[in-house]
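Q: I need the structure of the sequence given here:
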Amino acid sequence: MDQSVAIQETLAEGEYCIIISFPAVQGALCEGESRRSRLLGLVRYRPERGGEEHALFLYTHRRMAITGDDVSLDQIVPISRDFALEEVSLDGEVYFLGSDVTVQLDTAELSLVFQLPFGSQTRTFLQEVARACPGFDPAALDPKFLWLSRYRRKEPEPEPPTPRGWKSAAGTRPGRAIIGGGDSSFDESRPDGKGLLVDRSSRGQDKPENLLPRQNKSKSEITDMVRSSTVTVSDKAHILSMQKFGLRDTIVKSHLMQKEEDYTYIQNFRFFVGTYNVNGQSPKECLRPWLSHGIQAPDVYCVGFQELDLSKEAFFFHDTPKEEEWFKAVSEGLHPDAKYAKVKLIRLVGIMLLLYVKQEHAAYISEVEVETVGTGIMGRMGNKGGVAVRFQFHNTSICIVNSHLAAHTEEYERRNQDYKDICSRMQFRQVDPSLPPLTISKHDVILWLGDLNYRIEELDVEKVKKLIEEKAFQTLYANDQLRAQVAAKAVFEGFSEGELTFQPTYKYDTGSDDWDTSEKCRAPAWCDRVLWKGKNITQLSYQSHMALKTSDHKPVSSVFDIGVRVVNEELYRKTLEEIVRSLDKMENDNIPSVSLSKREFCFQNVKYMQLQVESFTIRNGQVPCQFEFINKPDEESYCKQWLRANPSRGFLLPDSAIEIELELFVNKTTATKLNSGEDKIEDILVLHLDRGKDYFLSVSGNYLPSCFGSPIHTLCYMKEPILDLPLETVRELTLMQLQTEDDGSQLERPMDIPKELWMMVDYLYRNAIQQEDLFQQPGLRLEFEHIRDCLDSGMIDNLSASNHSVAEALLLFLESLPEPVICYSVYHNCLECSGNLTASKQVIATLPACHRNVFIYLMAFLQELLKNSAKNHLDGNILASIFGSLLLRNPAGHQKLEVAEKKKAQEFIHQFLCNSP
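A: Okay, the predicted model is just below:
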């Protein structure tokens, strides 16, 4: 996820978060044993005197840092001439290709240590930091950082200066790859004074031995890495400074993949895959009965958790003490007959995935990337969703996914939707930045684990329990929702699952083996599952572990033997030499040429938040070519915001072809200008061939105006459905300034509130006042599209959807308003009078009538919900958190708030929930 957008919103005019492929990076600030998540942004400022100045901005953040509201400025580190960034190795840290990068940041006044995720994002980020260091250019003006004075009131008091001779934070050992500082020795390592440190010995790119070097390390080398960071740092510095792949390297790599069977053989490795929904509990018992009892020491551990932390704070903020508790419990529970290295820990709120390998396999792990996808309401609550790690093990690509899908027996369609969202949105960056991201399906081996939440249907609770007592698991399995959905090819197509020979793993009374005795008396179900996809996979066991009683779920494990392609080095070199010789015969001065199956694309009747896709094929001629959609002159992107090409760049071998999809999606960012006619569904794309010509693609279409993205006062003047109005009328009303709505001389009297808002609130008031988890569980996408169409066409009698879908549509409607319910102009007044109800009411009284009416109407509705909290389980804090960021939004371009001030915004809403507006 590009989190630079959130950072950019916190900056003042003239300050920019460096916009590159990956402009910000999320890491962990290390202080002793503690790890605190921080978002690091490289910010550029251009003073009037000329030149550029840079600083690192450190932010605390919500897990889903989407807007400036989700981040809070914690610290600023100016990149001055005494700034240095040095790679170090933590005490006891085992390095392998793909492990996290530990860097130490030093200035004259502070020393900080960060762990950054290995991968293309960190590599690119560190390259940009290196370029920003003034020490590399003696002729550059000394930075003065006057522009940072506006932030000084928010910075903590500086600690006493650290002696310059001291270069290591506690628990670290310095290495050799240093970024920054004014040491002249760096110039010798920087050809032409550009780029990062580059190992000159690896520059002969035409020699076979220098093409795509294999990352091989003996066991003795790994042992050395434990004792010293010297080898670790030099290897990782080379990886981090690796320049963009050339066309020749890309062609070689592609040929090597095609000839893989000529130089590899299959070797089995043992994988342990475990999943455990811990119901928000801390570890209370040893995990060895689950992780290591009665099995041979696995080569690889994949351990997933769900519901790690059930607190409401965890839904909105990233940090939780439960992460460290369960990580320690797992590490202590691994098989005692082997030594393991942690490859990755990735977490999204309560969904956590841990990956370990035997220490002797560490050298053969590479290309490690992680990603998360939240499928909670509006995509911002990560209480449901998935986390994944992908990596290369020897020559086999492996993807591990841990997911927690939607709950409740009747919600199988929502579970299906969650699965599809994870598959479509989970994209991993590749080492070669010229290649498109990898999806889950683009791996040799996929292991999918988690609380999938599919239930047993068409059987009552007592019947289910009776069949369990009789161990009639096959009869029970015939009514399993996941089995039915897989058979219908709705989910997990092509995946396999072992036979269920153990009793359902949900739901038990905590601390016992007794089925749920609570008021709800949930029916037992196989919620916790492990599935796989790929070749050369043999499942050795699939079982639950009844001995563990911490949670209302039982943990599940599966052990596999997985055939991994291992390289024969002699055959690899021989194959590589043959490929290079054949390339040498190719005429490199030939001009590449392609043919396009289509050049004109028309998207008809585009609707708000409804994806449309058009595709075409690029067919290559006789010369390998690299293609990319490029920016037109004076434009910042190759296409408009509502359009995307997938993939937007790539390469083609001779006589090969690739399908390109043009995806058109209108959201809150682009809808208003399409409604007003300031933008149209029109664009020209330029497809550029490296060493070849450009091809021009024409995009056209029409957008159907929607109430989503329309201003409140505009909708109040629309007494007819928006789709029934002439486009010119929609355009005029959308462009109408807010203050003109009080001028009754020009227009007839508007409605008090938008009719579309009334339709949704009235529906919820009549049908969902006691709905459990309202505004916390997402709806179905098809139902949202139906709701949108009913609102835009005025067909209120046809509105038929689940309560959760209507609730999410209401939130999306409020989020899409270009001017929030509480106008930007009174935003700061609201913060100042937060906690003072009388003063707060006076601020609301100053709002334009339509905005004031909407606020009062919504507060009255939310108060009705709270009157039914015994049934719907809502409380004022939850509603204030959800609606606070929608009704009371920070003005665009203004400095964003600290956490304490964000709480003021929530408190402002909360006081109205507890009192009459």
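Q: residue 737: how many residues sit nearby?
A: 9 (other CB atoms under 10 Å). In short, each C-beta sits where N, CA and C put it, glycine included.
Q: that should have said residue 629, apologies.
A: 20.
Q: check contacts around it.
A: By CB atoms under 8 Å, 6 or more residues apart in numbering, the contact list for residue 629 reads 638-639, 645, 648-649, 685-688.
Q: for the stretch 501-650 of the chain, which segments count as strands?
A: Along the stretch 501-650 of the chain, counting by DSSP state E, counting those that start in this stretch, strands occupy 528-534, 537-544, 556-567, 594-596, 600-606, 612-620, 625-630, 643-646, 649-652.
Q: of the contacts of residue 629 - the most surrounded one?
A: residue 687 (24 neighbours).
Q: so what does it have for phi and psi?
A: Torsion angles at residue 687 (phi, psi; degrees, to the nearest 10) stand at phi -100, psi 120.
Q: okay, residue 894: pLDDT?
A: You'll see residue 894 listed with a pLDDT of 48.
Q: circling back: ok, the contacts of residue 629 vs residue 707, which is closest?
A: Proximity of these to residue 707 (CB to CB) peaks at residue 639, which lies at 26.3 Å.
Q: wait, doesn't the closest one sit right on residue 682?
A: No: Residue 639 is beyond contact range of residue 682, at 11.2 Å (criterion: CB atoms under 8 Å).
Q: any residues in contact with both of these two?
A: In contact with both residue 639 and residue 682: residue 699, using CB under 8 Å, 6+ apart.
Q: could you pull up the residues touching residue 658?
A: Counting by CB under 8 Å, 6+ apart, residue 658 has contacts 617-618, 647, 650, 652.
Q: and it, what element?
A: strand 657-664 (DSSP states H and E).
Q: now that strand, how far from the centre of its chain.
A: Centroid separation for strand 657-664 versus its chain: 23 Å, with CA atoms, centre = their mean, to the nearest Å.
Q: can you point out the buried residues in that strand?
A: Buried residues in strand 657-664, counted by 16 or more other CB atoms under 10 Å: 658, 660, 662, 664.
Q: how about stretch 475-491?
A: 476-477, 479-483, 485-486, 490-491.
Q: now do that stretch: distance from first to last residue.
A: 22 Å (CA to CA, to the nearest Å).
Q: so what strands line up beside the strand holding residue 658?
A: strand 612-620 (antiparallel), strand 643-646 (antiparallel) (DSSP bridges).
Q: so which of the ones you listed gets nearest residue 412?
A: Of the strands paired with strand 657-664, nearest to residue 412 by CB to CB is strand 612-620, at 26.1 Å.
Q: neighbours around residue 388, how many?
A: The burial count for residue 388: 27, using other CB under 10 Å.
Q: can you pull up the bridge partners for it?
A: Bridge pairing for residue 388 - DSSP bridges - gives residue 371, residue 401.
Q: now for it: which residues touch it?
A: With CB under 8 Å, 6+ apart, residue 388 has these contacts: 346, 353, 370-372, 399-402, 426, 428, 440.
Q: what's the answer for residue 564, then?
A: Counted by CB under 8 Å, 6+ apart, residue 564 has contacts 266-269, 393-396, 536.
Q: tell me the pLDDT of it.
A: For residue 564, pLDDT reads 97.
Q: do residue 737 as well
A: pLDDT, residue 737: 84.
Q: what about the stretch 101-250 of the chain, any weak spots by pLDDT?
A: 118-121, 135-140, 152-248 (pLDDT under 70).
Q: try 80
A: 101, 117-124, 127, 130-131, 134-142, 150-250 (pLDDT under 80).
Q: need the helices for the stretch 251-400 of the chain, in chain order.
A: Taking DSSP state H, counting those that start in this stretch as the criterion, the stretch 251-400 of the chain carries its helices at 260-263, 288-291, 312-316, 321-333.
Q: could you give me the buried positions within the last one?
A: Translated: helix 321-333. Quick answer for helix 321-333 (16+ other CB under 10 Å): 322-323, 325-327, 329-331, 333.
Q: just the first one next, same as before
A: Applying a neighbour-count criterion of 16+ other CB under 10 Å, one finds residue 263 buried in helix 260-263.
Q: any chance of the contacts of residue 658 in CSV with distance to residue 260, neighbour count and pLDDT as columns?
A: Formatted as CSV, the contacts of residue 658 follow (distance: CB to CB, whole Å; neighbours: other CB atoms under 10 Å; pLDDT from 0 to 100):
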residue, distance to residue 260, neighbour count, pLDDT
617, 26, 13, 97
618, 25, 20, 97
647, 22, 16, 89
650, 20, 16, 87
652, 20, 22, 88
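Q: and which of those is nearest to residue 850?
A: So of the contacts of residue 658, ranked by how close each gets to residue 850 (CB to CB), first place is residue 647, at 44.8 Å.
Q: wait, which of the contacts of residue 388 is closest to residue 854?
A: Checking the contacts of residue 388 one by one against residue 854 (CB to CB), the nearest turns out to be residue 372, at 34.1 Å.
Q: what about the nearest residue to the closest one once chain neighbours are set aside, neighbour count?
A: Nearest non-adjacent residue to residue 372, counting by CB to CB, 6 or more residues apart in numbering: residue 348, 4.1 Å away. Neighbour count of residue 348, defined by other CB under 10 Å: 27.
Q: what's the answer for residue 840, then?
A: 22.
Q: what comes up buried for the host helix or strand of it?
A: Using DSSP H and E, residue 840 sits in helix 837-845. Neighbour-count burial for helix 837-845, with 16+ other CB under 10 Å as criterion, is recorded at 837, 840, 843-844.
Q: any chance of the contacts of residue 629 in TSV, with pLDDT and distance to residue 610 too?
A: TSV is the format used below for these (pLDDT from 0 to 100; distance: CB to CB, whole Å):
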residue	pLDDT	distance to residue 610
638	94	23
639	95	18
645	95	19
648	91	22
649	89	27
685	95	21
686	95	27
687	96	26
688	94	30
